[in-house]
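S.K.: Fold the following and give me the result.
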Amino acid sequence: MSNLRIKHPTKQLTGNITLPASKSICNRVLLLQKVLGVNTQIQNISTADDSLIMQFALQQNNGTVDVKNAGTCMRFLTAYYATTPNIDIVLKGSERMHNRPIGALYDALTTLGADIEYIDKIGFAPLRIKGKKLHGGVVAVDASLSSQFVSALMLVAPNFKNGLSIRLGKNTVSKSYITLTADLLEQFGIDVNVHDDDVVIKPYQNQTAPDTFFIEPDWSAAAFWYLLLALAKEGNITLNKLTPNSTQGDAIIANYMERFGISTQYNSQGALLTKNNNFLENACYDMLNYPDMVPAMAVLMCALNIPCTFINVAHLEAKESKRLTALCTELGKCGFDITQNGSKLQINKIIEQNLIKPTSFNTYQDHRMAMALAPLALLFDEVVINDSEVVEKSYPHFWDDLHQVGFEITVE
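M.R.: Numbering: from 1, shown residues only. Predicted coordinates for the structure are as follows:
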C-alpha cells in the first residue's frame with residue numbers, strides 16, 4: 001500500500017470534476033437486474049471496487065466468494081444467495097468484515113425459511129448459504145446498526161410469491177438508504193410502500209423495467225469537494241452532472257455546507273460550488289440518517305475551529321473502520337478537541353496556536369477516512385496519507401482529481 005504526501009502550493013481550487021458513479025445505486029441496480037431477470041442496460045456503471053466485486057459475485061453459483069471489505073456486497077449477496085435456488089456458496093470477507101454484524105439479516109432470512117449457517121462466530125461472516133425459493137410473508141428486522149439489512153430484503157422481495165412486509169424497529173438508522181432502495185424498486189415497476197414502522201413490497205408480476213438506467217454521480221463523494229473548497233483560500237468547483245433532485249440522502253451536504261461558506265448553484269453542466277465566508281459560530285447535527293457525512297463534517301468543524309455536536313452516531317463504529325474511534329485518534333494527533341461519548345461526537349473550540357502538524361494520517365482500511373483527512377493539506381501545508389489505495393472502494397480516481405485542481409502528490 002502506498003503512502004502519499006499531499007500539498008497545494010496556492011490553496012486556490014478551480015476545476016471541473018467528474019465524480020464517480022454512485023456505488024450505492026449501482027449495486028442495488030445490479031442486484032435488481034439479476035433478481036428480476038431483466039435486460040436493462042446500465043449506463044455509467046461504477047468502477048469502484050465494491051461494484052466490481054458485486055458484478056463478479058452475481059455470476060457465482062458455488063464455491064467461495066470473497067467480498068473483502070464491501071458491506072453492501074456482504075449484506076445484499078447474503079439475501080440474494082439465500083433466496084436463489086441451486087446456489088451453494090461460502091460468503092466471506094476481510095478480517096474487518098468478519099467483525100461487522102450480520103446477525104439481524106441472518107435472523108430475518110432464516111425466519112423466512114433460508115438455509116444459512118455461521119462458519120465461525122455467531123452473528124458474523126463467513127457464512128455457508130444454500131439457496132432456495134422463499135415465499136415471503138412478514139418479518140421483523142433490527143436495523144439499529146445498518147439499514148442495509150432492510151435494503152437487502154427489499155431487493156429480493158419481488159421474487160417472493162407472497163411479497164414481503166418488513167417490520168422496522170424504533171432505532172432504524174440510515175433511513176435515507178431505505179428510501180433510496182424503494183425509489184429504485186419503483187423505477188423497475190415494483191409496488192413498494194415505506195412507512196415509519198414497516199416496508200411493504202408486492203411480488204413482481206412482469207412489470208415493465210426500464211430499457212436503460214443511468215447511474216447518477218455519487219453525492220457521498222461530493223462531500224469531500226465541499227470540504228476541500230471550504231478549507232481553500234478561494235475558488236470554485238463544478239461537479240459535472242450532479243443534480244439537486246437526487247434520491248441519495250447525502251445530497252443534504254449542499255444544505256449543510258451553505259452554512260459554512262459554500263454555495264451551490266445548478267446549471268446544465270452540473271453543480272457549481274462557490275466559496276464565500278459565512279460561518280456559523282456553533283452547530284449540532286443529528287446524523288442518524290446520514291452517517292457517511294460524518295467524516296467530512298467532523299474534519300470541517302475541527303479545521304474551521306467551530307464547536308459542534310453530532311448526535312446519533314454510535315452506528316459508525318460498525319462501518320469499514322470504527323469510524324468514531326478513528327476520527328478521534330487521527331484528529332486528536334493535530335491537537336483538535338474531539339471526543340466520543342456514547343452516541344455523541346463532540347468537537348470543542350481550541351486555541352489555534354496549539355495545533356500540531358501531524359507526521360501522517362492512518363486510514364484504517366477506510367476509504368472515507370482517507371478522503372476526509374486529505375483536505376487537511378490545505379490547513380497544515382502538507383499531509384501524508386497512509387495506505388492511499390483504500391479510496392478505490394468508492395472513488396478510484398480521487399487522487400487524480402486532486403492533482404487536476406493543483407495538488408502536488410508524491411509517493412512516500
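S.K.: Give me the distance between the spatially most distant residue from the centre of the chain and L155.
M.R.: What lies farthest from the middle of the chain is Q353; by Cα atoms, centre = their mean that is 34.7 Å. Look at Q353 and L155: by Cβ to Cβ, to the nearest Å, they are 52 Å apart. All C-beta spots, glycine's among them, are computed from the backbone N, C-alpha and C.
S.K.: again with K11
M.R.: 44 Å.
S.K.: that older thread, for the residue farthest from the centre of the chain, report the pLDDT, please.
M.R.: Looking at Q353, its pLDDT reads 88.
S.K.: Next, it: phi, psi?
M.R.: Main-chain dihedrals, Q353, degrees, to the nearest 10: phi -70, psi -20.
S.K.: residues contacting it?
M.R.: Residues near Q353 by Cβ atoms under 8 Å, 6 or more residues apart in numbering: none.
S.K.: remind me which residues of the protein are low pLDDT?
M.R.: 1, 278 (pLDDT under 70).
S.K.: tell me the secondary structure for the residue sitting nearest the centre point of it?
M.R.: Central residue of the chain (Cα atoms, centre = their mean): D292, 5.5 Å from the mean position. Assigned with DSSP: H, G, I helix; E, B strand; the rest coil, D292 falls in the helix class.
S.K.: Tally up the residues packed near the spatially closest residue to it that is not a sequence neighbour, please.
M.R.: Among residues not flanking D292 along the chain, S220 sits closest, at 4.9 Å (Cβ to Cβ, 6 or more residues apart in numbering). By other Cβ atoms under 10 Å, the residues close to S220 number 26.
S.K.: Just to be sure, S220 is in a helix?
M.R.: Yes - S220 forms part of a helix when assessed by three-state DSSP.
S.K.: ok, it to G37 distance?
M.R.: Note on S220: its distance to G37, by Cβ to Cβ, is 30 Å.
S.K.: Then V194?
M.R.: 25 Å.
S.K.: More neighbours: the two, which one.
M.R.: Neighbours per residue (other Cβ under 10 Å) separate V194 from G37, with V194 holding more: 19 against 9.
S.K.: Which parts of the stretch 1-150 of the chain are helices?
M.R.: 23-36, 49-57, 71-82, 103-111, 148-156 (DSSP state H, counting those that start in this stretch).
S.K.: what does the domain assignment say about this structure?
M.R.: As given by automatic domain parsing, the domain ranges for the chain are 4-20+217-411, 23-214.
S.K.: Neighbouring strands - and their directions - for the lengthiest strand in the chain?
M.R.: Across the chain, the longest stretch assigned as strand under DSSP state E is strand 270-279. Applying DSSP bridges, strand 270-279 is found paired with strand 234-240 (antiparallel), strand 260-266 (antiparallel).
S.K.: In JSON lines, list those along with distance to D250.
M.R.: Shown next, in JSON lines, are the strands paired with strand 270-279 (distance: least, Cβ to Cβ, whole Å):
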{"stretch": "strand 234-240", "distance to D250": "13"}
{"stretch": "strand 260-266", "distance to D250": "13"}
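S.K.: Pipe the ones you listed into CSV and attach mean neighbour count per row.
M.R.: Output for the strands paired with strand 270-279, formatted as CSV (neighbours: other Cβ atoms under 10 Å):
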stretch, mean neighbour count
strand 234-240, 18
strand 260-266, 17
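S.K.: Now do the buried residues in stretch 128-135.
M.R.: Neighbour counts using 16 or more other Cβ atoms under 10 Å place 129-131, 134 of stretch 128-135 among the buried residues.
S.K.: Next: stretch 349-366.
M.R.: For stretch 349-366, a neighbour-count test (16+ other Cβ under 10 Å) marks 350, 355, 358, 360-366 as buried.
S.K.: what's the answer for stretch 78-95, then?
M.R.: Burial within stretch 78-95, assessed by neighbour count using 16+ other Cβ under 10 Å, is assigned to 78-84, 87, 89-94.
S.K.: I figured T212 hits T40, correct?
M.R.: Yes - between T212 and T40 there is a contact at 6.7 Å, judged by Cβ atoms under 8 Å.
S.K.: Neighbour count: the two, which is higher?
M.R.: Taking neighbours as other Cβ under 10 Å, T212 and T40 compare with T40 leading, 16 against 8.
S.K.: for that one, what are its contacts?
M.R.: T40 is in contact with 29, 33, 188, 209-213, counting by Cβ under 8 Å, 6+ apart.
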